[in-house]
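# Sequence and predicted model, in that order:
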Amino acid sequence: MKSRICSSCQIEKPLDDFYRDKSKPLGRDYICIECRKVSNRLRDRERDKTPDRILKAKSWLHSERGKERARQRYEENYAQNKQKYLAQRAIKRLVDSGVIIRYPCEVCGEEPSNGHHPDYSKPLEVVWLCQKHHKEIHRK
C-alpha cells in the first residue's frame, strides 16, 4: 500500500488519509485530511475577524431570519442543558444581590473570575476561575 508523509505534521500516512488531487504526482494532496481541516479552521477564524465579515455577521443577527435562528438555537440549547442554565442563573442572581461574593481565580488569583460548576445538580457549589483556566477545564 502506498503512503505519503504529510508536509504539515511530518507523519507517514496511507494515501487514503489525503484528499484527492489529480494535479499532484500520486493523485493526492501533500497535507493530510486532519491537518487540512485544522488549517482551514484557523484561516476561517482569521477571515471572520475582518471588518467586512464582522459587519455581515452583525447585519445577519439583526435581520428577522437571524433573530429567529438565534432564538431557535437558544431554545434547543436550553432544552438540552436546562440544569446548566438554571445553575448559572441562580449564581448570577446571588452574585448580583450580594449574597455570594465573587472571588479571584483559585488557580492564579486573577480577577475578574467566572463561576464554574463542576456538578450542575449542585448549583451553589462553584469554583471561581479566570477565563483562561475556565476554558482549560472545559477543554478537558
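Yes, it's here.

# tell me the helices in the protein, going along the chain?
Ranges of helices within the chain are 33-48, 51-62, 64-80, 82-97, 131-139, based on DSSP state H.

# Kindly list the longest strand within this structure.
As far as residue count goes, and with DSSP state E defining each element, the longest strand of the chain is strand 28-32.

# Neighbours of the nearest residue to V107 once chain neighbours are set aside, how many?
Excluding its sequence neighbours, the residue lying closest to V107 (CB to CB, 6 or more residues apart in numbering) is H133, at 4.6 Å. C-beta: built from backbone N, CA, C; applies to glycine. By the criterion of other CB atoms under 10 Å, H133 has 19 neighbours.

# right, so of the helices of the chain, which gets closest to E125?
helix 82-97 (9.3 Å; CB to CB).

# which residues sit in contact with E64?
By CB atoms under 8 Å, 6 or more residues apart in numbering, no residues touch E64.

# just checking, S7 touches R28?
No. Using CB atoms under 8 Å, S7 is not in contact with R28; the gap is 11.6 Å.

# These two: who's more crowded?
Shown here are S7 and R28; by other CB under 10 Å, R28 has more neighbours (20 against 11).

# okay, that one: pLDDT?
Per-residue pLDDT puts R28 at 93.

# On the strand side of things, show who the residue lying closest to it once chain neighbours are set aside bridges to.
Spatial nearest neighbour of R28, chain neighbours left out: F18 (3.9 Å); criterion: CB to CB, 6+ apart. Applying DSSP bridges to F18 gives these bridge partners: C32.

# domains of this protein?
As assigned by automatic domain parsing, the chain contains the domains 1-47, 50-80, 82-139.

# For A90, give me its contacts.
123-124.
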